[in-house]
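[1] output the structure for:
(chains A and B)
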Amino acid sequence: MMPRLNRRHLLILAAAGLASQPMSALAQSGPLRLAFIPQENPDKLLGDIEAITAWLSSEIGMPVEGFVTIDHAAAVEALRNGDADISFMGALPFVLAEREIGAIPLLSEVYRDAPSYTGRVFVRRDSGFKTLADLEGRDIAFADPISESGYMYPLAEFERAGLVSSPDAAEDFFGRIFFAGGYQQAMQAMAEGLVDAAGASQYADLLLTPEQQSQVTWIAESDAIPSHVVIARPELDAELRENFVAAMMKLNMPEHRDKLRYLYGPDGYVEADPSGFDGVRTMAQRFGLL
Amino acid sequence: MIHHVLRVILCAIVTASVLAGPSSATPAKEAPWLPEAAAYRLTLFLGNLAPVPWDKVEQAWSEPYRGSEYRLGAFDWLERESAIEVADLSDAIGRQDRHAVHLAATRLIALRIEEELDAAIAADNPAVSQQAVATAKELYRAFADHIKAADPSAARTLGRAWLELNNATGSAGVLGAGAKDRNVKEMTDARAEISAYLAENYLVADPAPRQTLTAVPEAIARTGQPVELPAALPPGSDIFDQDPLPLLVLNFEEQGIDETDLPLIAYGDMLFDSAEIFGGPARDLGIACSTCHNRSDINQRFFIPGASHQPGAVDVDGAFFNPMFNDRRDDPIDIPSLRGLRFTGPYGRDGRFASLRDFSRNVIVNEFAGEEPTPFMLDALVAYMTEFDFLPNSLVTGDGQLTEAAPDAARRGEVVFNRPFAGMGNQSCASCHTPSGNFLDRKSHDIGSVAAAYEESHAGALDTPTLLGTLYTAPYFHDGALPTLASVVDWFDETKNLGLSGAERSDLTAYLETVGAADEPYEDFDTANTPFRLAFAELTTFASTLDTLLPKRDARHILVLTDTVAADLAADAGTMANLSSRPEVYALAERLAEVGAAVRAEDWAAAETSWSLFKTDAAAIEDKAF
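    Residues are numbered from 1 along each chain as shown, chains lettered A, B, ... in the order given. Model (predicted):
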């Protein structure tokens, strides 16, 4: 669910930094600008951005602005032309942005003690399906064709099992493949019996009601997928990058953890490891995206 | 997308409406509603109350629902997002015409779905199409559960149509890669299926008036066939536990006695957490005693539109929970704490019940429409609730005197507290809130805090509440009218002409805050002691009463237990930090359900076997139960 974005949502929020604050001697001449990708209600995101940029500004000692972009492409474009310095992004769009503009990963989100997660193939417990092979000729719902955990990684498990020769040949194995529009939609379709299986994030069953959660299980799990990253344009001043990372790492401290809810709600951040994205790069190539 | 799903989870947003599975006291939290869909569901809910609270119906459309992520109310939102006229609905609300409101609101939602579907088809790219389809689906959510209940076959057909529709919107790809064109023909075909159903059932010119306002499709409603709708609370409702969770202090536990050695109390503890003892809709929503009285204290977040005038309050004799007990008076009360319950009788805000047992029966049978409880159930509940102790407070002695640790301001306030005032008939605060008697006198007094129900009425006398633990139970007074202890002091000063100086008011407030304080008011959770671990310990303790009940072949009480605990255990598994052990908890819950199934079949040997296996399995996973 997402109301349509309009001009109002795209306005740049007020700079959180105040003129009276001591200005940093960094090479950056203007404010530090953060691009956010809308995930839910943009109205709420705007409020979150105001809160987190104000705090970052006080930590870094320079004005920090945040703005909402239409999508990943707009965020990357903003990084390319210097309208944004830093952006929050999924692993797949990051590896594409890395190729296009040399984007640098700064921080990885941590959930449940890990900067990664997996994709799973879920079925109803009463379905009798025990293996991926049992799903031959059956209907499956995925989240979205460009979702790592909601399509690419779960489908790769069918390839690994020798059931699907390539992404393009997936339709030969299944009855129907649906892209439901998100984890929740895919999981609901499976839980309600509209389809036989769903490919989604390992945590997607938590989107179901408690009763539904007890009625579903999973029969395959993918390799680890790097969680979302915070990336920077390559030209961003190195010292400013370091200051930003240092400020963000403070969010792991008990006294600052409450602010994580303004940033898509991870459990914390770790410094990003560029080599950790090799699997995503490979996956993107297999799906013809890179 | 991982941060989306986890944020959704961490923000405690799940699916559907605020509802619970059968018997489960673990409600599912809802995804945010679009403003007009929320207003529609609120209209259905409020429109079924008697008398209809028309001011709240109007509010449902003019203001964001409580907790909404949208800053606009439905009418303002529609003005911004839609071209559909709302005059019919607005007029109907103004006329307080229930049927016309239902008709106009239902048409409005259907037309909004159509409007978004039009936009989805007309869009020139997948991203815009997907957004419009997603919005249309969110609007359809206002009808979906009632369609599923009334017309399951159509619900399935429509579910597939929504899947087909979204699937045909293609993909915008990512950064230009992986883009996939829309399939407009498939979109149009799927849309036609949805639109035909809407036209037949929700855009009908002359729908039959309904005794109960629902989103049941017109074709079904016209047949007059009964439809069992799932219990659901409207948007803005909140029946989740208070956070932070109040600390529960049980007398026997403080003495080191294990609850599993106290089967009557353990059974009462289970009943206190059981929705099974209530009737619908409380039972179906998973509402139990503990929903309002979290851990013997209060639940400051409890809120049901139409039944609560503010968070932490509820009208238990209104139209919602038990129409038979509806007093047709809009008189919600602030939920009282049950700490120290054995010292605080009589019971009820006006002390109308001398006996806790009578009070409890009234709650079960009259307020929440439950079946007549057995004597054993009432004995168990009373045995458990009379174990509720006040929170330990090292600032006050057992006889209500301040200790050395109390601050000076509180000492000065104590003097004021004990001073007789002419405005209070030469009595002091301590005259009623007797320090040596847990700060109460077990009497009712009319202090002028209740408006007279009618001229010359004497309905304003209320039971003196204790002051112990009150630092954590704001707001104050029977209707929660006063937000802080300082405001309580101000109220007395002003209404009783006490003539207190600013310093005296401050000192008296400090005294109240000191008396009302606690060493540890809340549960202290960490990575090891998680809410699930607490729930697991409680639920397995409840189950331990089977050691007593099975040998007695007490089927009725066994089934209340197994129905309650098995469902709760499974539902609570979703809150585990240790997600990998969820399957074992589900299996454990099934084991307990097997006990119940065997008892229902009067196969006592099988029941004993399942119970024995349950104990073995529970012990085996105890370390992983967090």
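[2] okay, the residue nearest the centre of chain B: pLDDT?
    Geometric centre of chain B, nearest residue: residue B:239, 1.7 Å, by C-alpha atoms, centre = their mean. Turning to residue B:239, the model gives it a pLDDT of 96.
[3] would you check how far apart it and residue B:534 are?
    Distance from residue B:239 to residue B:534, counting by C-beta to C-beta, to the nearest Å: 19 Å. C-beta here means a position set from N, CA and C on the backbone, and glycine is covered the same way.
[4] and residue B:198, by the same measure?
    Residue B:198 is 47 Å from residue B:534, by C-beta to C-beta.
[5] the two: which has the busier surroundings?
    residue B:198 (22 against 18; other C-beta atoms under 10 Å in any protein chain shown).
[6] excluding its backbone neighbours, what's nearest that one?
    residue B:110 (4.7 Å; C-beta to C-beta, 6 or more residues apart in numbering or on different chains).
[7] cool, and residue B:595?
    Closest to residue B:595 by C-beta to C-beta, 6+ apart is residue B:610, at 4.6 Å.
[8] I'd like to know which elements the helix or strand the one you found falls within is packed against.
    Assigned by DSSP states H and E, residue B:610 belongs to helix B:604-621. Using 3 or more C-beta pairs under 8 Å, 6 or more residues apart in numbering or on different chains; DSSP states H and E, the elements in contact with helix B:604-621 are helix B:531-543, helix B:582-600.
[9] what's near enough to touch residue B:339?
    With contact set as C-beta atoms under 8 Å, 6 or more residues apart in numbering or on different chains, residue B:339 has these partners: B:249, B:296, B:297, B:388, B:389, B:390, B:391, B:466, B:468, B:469.
[10] repeat that for residue B:324.
    B:366, B:369.
[11] and what of residue A:270?
    A:107, A:108, A:110, A:115.
[12] so which of the residues you listed are also by chain B?
    Residues of the contacts of residue A:270 in contact with chain B (C-beta under 8 Å from any C-beta of the partner chain): none.
[13] among these, which one sits closest to residue B:320?
    Of all the contacts of residue A:270, residue B:320 sits closest to residue A:110, with 42.9 Å by C-beta to C-beta.
[14] show the pLDDT at residue B:274.
    For residue B:274, pLDDT reads 97.
[15] pretty sure it sits against residue B:288.
    Yes - using C-beta atoms under 8 Å, residue B:274 is in contact with residue B:288, at 5.5 Å.
[16] tilt between the helix holding residue B:610 and helix B:531-543?
    Here helix B:604-621 runs at an angle of 150 degrees relative to helix B:531-543 (axes from the mean of the first three to the mean of the last three C-alpha atoms, to 10 degrees).
[17] would you map out the domains in chain A?
    A:7-114+A:227-286, A:119-223 (automatic domain parsing).
[18] lowest-confidence stretch among those domains?
    domain A:7-114+A:227-286 (a mean of 85).
[19] can you give me the helices in the stretch 351-500 of chain B?
    B:356-361, B:375-385, B:408-417, B:429-432, B:485-495 (DSSP state H, counting those that start in this stretch).
[20] of those helices, which is nearest residue B:176?
    Taking those one by one with C-beta to C-beta, helix B:485-495 is closest: 60.1 Å.
[21] list the buried residues of that closest one.
    B:485, B:486, B:488, B:489, B:490, B:491, B:492, B:493 (16 or more other C-beta atoms under 10 Å in any protein chain shown).
[22] so which of those also contact chain A?
    Okay, of the buried residues of helix B:485-495, nothing touches chain A (C-beta under 8 Å from any C-beta).
[23] flag the shaky bits of chain B, pLDDT-wise.
    The model of chain B has pLDDT under 70 over residues B:1-29.
[24] and the strands in it?
    B:313-314, B:333-334, B:444-445, B:462-463 (DSSP state E).
[25] can you put those strands in JSON lines and add mean neighbour count and distance to chain A?
    Converted to JSON lines, these look like this (neighbours: other C-beta atoms under 10 Å in any protein chain shown; distance: least, C-beta to the nearest C-beta, whole Å):
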{"stretch": "strand B:313-314", "mean neighbour count": "23", "distance to chain A": "23"}
{"stretch": "strand B:333-334", "mean neighbour count": "24", "distance to chain A": "28"}
{"stretch": "strand B:444-445", "mean neighbour count": "18", "distance to chain A": "42"}
{"stretch": "strand B:462-463", "mean neighbour count": "20", "distance to chain A": "38"}
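[26] export the ones you listed as JSON lines, with columns for distance to residue B:419.
    Converted to JSON lines, these look like this (distance: least, C-beta to C-beta, whole Å):
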{"stretch": "strand B:313-314", "distance to residue B:419": "32"}
{"stretch": "strand B:333-334", "distance to residue B:419": "28"}
{"stretch": "strand B:444-445", "distance to residue B:419": "18"}
{"stretch": "strand B:462-463", "distance to residue B:419": "23"}
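[27] circling back: contacting residues for the residue nearest to residue B:595?
    Counted by C-beta under 8 Å, 6+ apart, residue B:610 has contacts B:591, B:592, B:594, B:595, B:598.
[28] highest neighbour count among the residues you listed?
    So for the contacts of residue B:610 (other C-beta under 10 Å), the most neighbours sit at residue B:592, 30 neighbours.
[29] ok, the nearest residue to it once chain neighbours are set aside to chain A distance?
    Closest residue to residue B:592 apart from its sequence neighbours, by C-beta to C-beta, 6+ apart: residue B:566 at 4.2 Å. When distance is defined by C-beta to the nearest C-beta, to the nearest Å, residue B:566 is 10 Å away from chain A.
[30] okay then, goodbye and thanks.
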